[in-house]
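>>> Provided below for reference: sequence and predicted model.
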Amino acid sequence: MAWFKREKKGIITSTEEKKETPDGMWNKCPSCKKPLHYAEQVENKYVCHYCGYHLRIGSKEYFEILFDNNKFTELFANIRSGDPLNFTDTKKYTERLEESYAKTGLNDAIRAATGTLGEQELVIACMDFNFIGGSMGSVVGEKIARSIDYSIEHKIPFLMISKSGGARMMEAAFSLMQMAKTSAKLALLSKAKIPYISLLTDPTTGGVTASYAMLGDINISEPGALIGFAGPRVIKETIKKDLPKGFQTSEFVLEHGFLDFIVDRRQMKAKLTSFLKMVK
């Protein structure tokens with residue numbers, strides 16, 4: 001059966017000798033479509049060095065970028081959702097949760113931690129979009145509430161990093177209640193005169209936008225982030241009109257007065273350090 005093989009030297013390579021490229025070593029920029037090497041992404045704070053597109057990242061990466069020397073103490077790490085409504089759609093909510101635990105290694109769509117940023121003490125609560133679309137359920141609301149209580153108790157500024165598709169439908173009214181719960185806690189934080197910084201990243205939508213994401217003493221965002229309540233498609237179908245160019249981007253939201261400023265992720269730590277020193 002020799003005619004099925006090339007016999008020239010250097011052509012035949014056994015399966016055992018082939019070296020596969022490690023997963024995640026390379027990927028493609030969603031904006032300019034150019035290949036990005038993982039090590040370069042880390043060095044450039046997960047921003048495309050060709051076009052400046054800010055790649056979606058989670059709490060692990062934000063903590064690495066913001067906390068000094070990536071040193072922090074995680075807060076309330078072991079809280080997990082229940083299934084108070086015994087919700088079933090295409091599959092049981094409990095099954096969806098188990099799949100998300102296994103896939104992401106997270107306990108829910110948010111992590112909270114305390115540490116220093118530019119040598120200033122800070123509590124950070126950061127959402128993870130990979131966990132059921134960063135949806136806001138009871139655990140998200142509870143962790144934010146407890147993080148705010150921790151900030152008040154220790155008189156430490158609070159930073160909320162939002163990245164969410166909105167309320168978690170599997171928890172229905174329990175999810176919607178988190179809007180009022182977190183907003184009430186932020187009112188207590190304000191009364192205690194402790195700074196609250198809200199960082200909106202791509203995407204920040206739904207009930208998250210309608211509550212804690214827009215209640216910061218300063219509201220900031222990364223470039224090009226999608227920010228809004230309903231999605232552009234839903235709005236267009238509702239009003240039966242074409243939407244303005246750049247509608248619901250962070251630049252559009254800034255122009256219409258709902259953001260204080262936009263910060264490139266590569267300058268984020270320096271900007272936040274400067275702000276924390278001013279309000280110290």
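Looks like it arrived, so ask away.

>>> Name all residues that make contact with the residue nearest to Asp108 when sequence neighbours are not counted.
Counting by CB to CB, 6 or more residues apart in numbering, Asp108 lies nearest to Val139, which is 4.0 Å off, once chain neighbours are set aside. Every residue, glycine included, has its C-beta placed from N, CA and C. Going by CB atoms under 8 Å, 6 or more residues apart in numbering, Val139 touches 79-81, 107-110.

>>> repeat that with 6 Å
79, 81, 108 (CB atoms under 6 Å, 6 or more residues apart in numbering).

>>> go on, Val253?
227, 259 are the contacts of Val253 under CB under 6 Å, 6+ apart.

>>> which SS state does it fall under?
Assigned with DSSP: H, G, I helix; E, B strand; the rest coil, Val253 falls in the helix class.

>>> pLDDT score for it?
Listed pLDDT for Val253 reads 95.

>>> Would you quantify the distance from it to Phe261?
For Val253, the distance to Phe261 equals 11 Å [CB to CB, to the nearest Å].

>>> By neighbour count, which of the contacts of Val139 wins?
When neighbours are counted by other CB atoms under 10 Å, Asp108 leads these with 26 neighbours.

>>> gap between that one and Ser59?
Going from Asp108 to Ser59 by CB to CB gives 11 Å.

>>> where exactly do the helices run in the protein?
38-43, 59-66, 93-104, 138-154, 172-191, 206-209, 232-239, 250-255, 265-278 (DSSP state H).

>>> which one of those is the most hemmed in?
Highest mean neighbour count among these (mean count of other CB atoms under 10 Å): helix 206-209, with a mean of 24.

>>> How far away from the center of its chain is that one?
13 Å (CA atoms, centre = their mean, to the nearest Å).

>>> what's near enough to touch the residue positioned nearest the centre of the chain?
Centroid-nearest residue in the chain: Lys163, 3.6 Å away (criterion: CA atoms, centre = their mean). Neighbouring residues of Lys163 by CB under 6 Å, 6+ apart: 127, 129, 134, 201.

>>> make it 10 Å
Applying CB atoms under 10 Å, 6 or more residues apart in numbering, we find Lys163 in contact with 56-59, 62, 109-110, 126-130, 133-134, 199-205, 208, 213, 222, 225.

>>> Just the buried ones from these, in ChimeraX syntax?
Provided next is the ChimeraX selection string for whichever of those are buried by 16 or more other CB atoms under 10 Å:
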select :57,58,59,62,109,110,126,127,128,129,130,133,134,199,200,201,202,203,204,205,208,213,222,225
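
>>> Tell me which residues touch the closest residue to His54 other than its chain neighbours, please.
Ranked by CB to CB, 6+ apart and with sequence neighbours excluded, the top spatial neighbour of His54 is Glu222, at 4.8 Å. Listed by CB under 10 Å, 6+ apart, the contact set of Glu222 reads 47, 54, 161, 163, 199-202, 250, 262-265, 268.

>>> go again using 6 Å as the cut-off
With contacts defined as CB under 6 Å, 6+ apart, the neighbours of Glu222 are 54, 201, 265.

>>> Adding distance to Phe87, write those out as JSON lines.
Below are the contacts of Glu222 laid out as JSON lines (distance: CB to CB, whole Å):
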{"residue": "His54", "distance to Phe87": "34"}
{"residue": "Thr201", "distance to Phe87": "28"}
{"residue": "Arg265", "distance to Phe87": "36"}
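
>>> mind checking pLDDT for Arg6?
52.

>>> pretty sure Ala225 contacts Thr201?
Yes - between Ala225 and Thr201 there is a contact at 5.5 Å, judged by CB atoms under 6 Å.

>>> okay but Gly141 is in contact with Met179, surely?
No - in this structure Gly141 lies outside contact range of Met179 using CB under 6 Å: 8.0 Å.

>>> shouldn't Glu64 be in contact with Gly58?
No - taking contacts as CB under 6 Å, Glu64 lies outside contact range of Gly58: 10.3 Å.
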